[in-house]
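Participant: mind looking at a prediction? Sequence and model below.
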Amino acid sequence: MNAHIISLSLFVGLFVIIGFGATSPETDVDKAWRTDGRYFISKRMYKRSEAWHICNNDEDDLQLVEIQDLEKSISVGQFLLDEDVPTAWTGGKSGSIPFEEYVWESSDDVLNFTNWEITPDRSHWRETDWYESGIIILKDTVGKWLPKFQENLHPAFCEKYKQLEGFEICRNRRDDFRLAEIDSAKKSEHVKEYLLRHEYTTAWTAGRTGACPFRDYVWGKDDERPINYTNWKKTPAPGDISETEWYESGIIVRDSPLGKWDLVHRQALHPVLCELYKM
């Protein structure tokens, strides 16, 4: 996934999207994957770069799994145990400082959680090997990771997110990140361009339904600021969804039709659109 932090030249800010969606020759999930609805493990074996593309180009908006804390590590390990999969590629890869740094595919930030089976040292690795290394997770030592040469063959291990998870993911990525807020036509245009450029199909934003059903939309998890810009694919009416469903709805941006937003149940799984908001 080409999801490093991208600068947008006309908008003073930065976006990063965690997750991807495009087209793939393997669109039949039942044939290509074993899944519990959130985690997807491929039935075929791939090199590291192939696994990255398999996740990012699947039509169901997946990304290589990122294991940023102990809770996630346990969850991922349990899935591998249940599926009896011995190893799987994750989003982790070697960083810029040999034998010290590990980073996630969607960020250049050093990993804030490590649970390594071994920590390589210079006696084990050449610097060239280091830069060619990705990270796998091992089932046999649940929650353990291990650097592996990217040409090795392992299953692709993909995931996607609920909206409330998106708030946490952005906030935990960096102190100056948040789930993206689209509050103007200009900002909407830049988000649309970003989605087009990287071929994303949908992404969670911080938008959610407000206090007055079928009228109010607000930003953020705890903030009740009303949205001052709307560009809805469809404006819901009382007959469209129930009041209960309304309160459980979040807002995604989708690339078809371009730049439009839509209401989705907050438990639905999509990539996450973060932005740098402290400049």
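Facilitator: That came through fine.

Participant: helix or strand right after the helix or strand containing residue 145?
Facilitator: Element membership for residue 145 (DSSP states H and E) is strand 144-149. Counting by DSSP H and E, the next helix or strand C-terminal to strand 144-149 is strand 154-159.

Participant: who touches that following strand?
Facilitator: The contact list for strand 154-159 (Cβ atoms under 8 Å, 6 or more residues apart in numbering) reads 33, 38-46, 48, 50-52, 54-55, 58, 62-66, 76, 85, 87-90, 136-137, 148. All C-beta spots, glycine's among them, are computed from the backbone N, C-alpha and C.

Participant: pLDDT below threshold where in the stretch 51-200 of the chain?
Facilitator: Within the stretch 51-200 of the chain, the segments meeting pLDDT under 70 span 57-61, 106-107, 140-143, 173.

Participant: ok, which stretches of it are strands?
Facilitator: When assigned using DSSP state E, counting those that start in this stretch, the strands of the stretch 51-200 of the chain occupy the ranges 63-64, 87-94, 102-103, 133-138, 144-149, 154-159, 177-179.

Participant: other SSEs contacting the second one?
Facilitator: It stands for strand 87-94. Applying 3 or more Cβ pairs under 8 Å, 6 or more residues apart in numbering; DSSP states H and E, one finds that strand 87-94 contacts helix 48-56, strand 63-64, strand 102-103, strand 133-138, strand 144-149, strand 154-159.

Participant: just the CA trace of that strand, in PDB.
Facilitator: Presented in PDB, the C-alpha positions along strand 87-94 are these (Å, rounded to 0.1, in the frame of the first residue of the first chain):
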ATOM      1  CA  THR A  87       3.000 -17.800   9.600                       C
ATOM      2  CA  ALA A  88       1.600 -14.700   7.800                       C
ATOM      3  CA  TRP A  89       2.900 -11.500   6.400                       C
ATOM      4  CA  THR A  90       2.000  -8.300   8.300                       C
ATOM      5  CA  GLY A  91       2.400  -4.600   7.500                       C
ATOM      6  CA  GLY A  92       5.600  -4.300   9.500                       C
ATOM      7  CA  LYS A  93       8.900  -3.800   7.800                       C
ATOM      8  CA  SER A  94      12.500  -2.900   8.600                       C
END
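
Participant: in that strand, which of the residues would be classed as buried?
Facilitator: By neighbour count with 16 or more other Cβ atoms under 10 Å, strand 87-94 contains the buried residues 87, 88, 89, 90, 91, 92, 93, 94.
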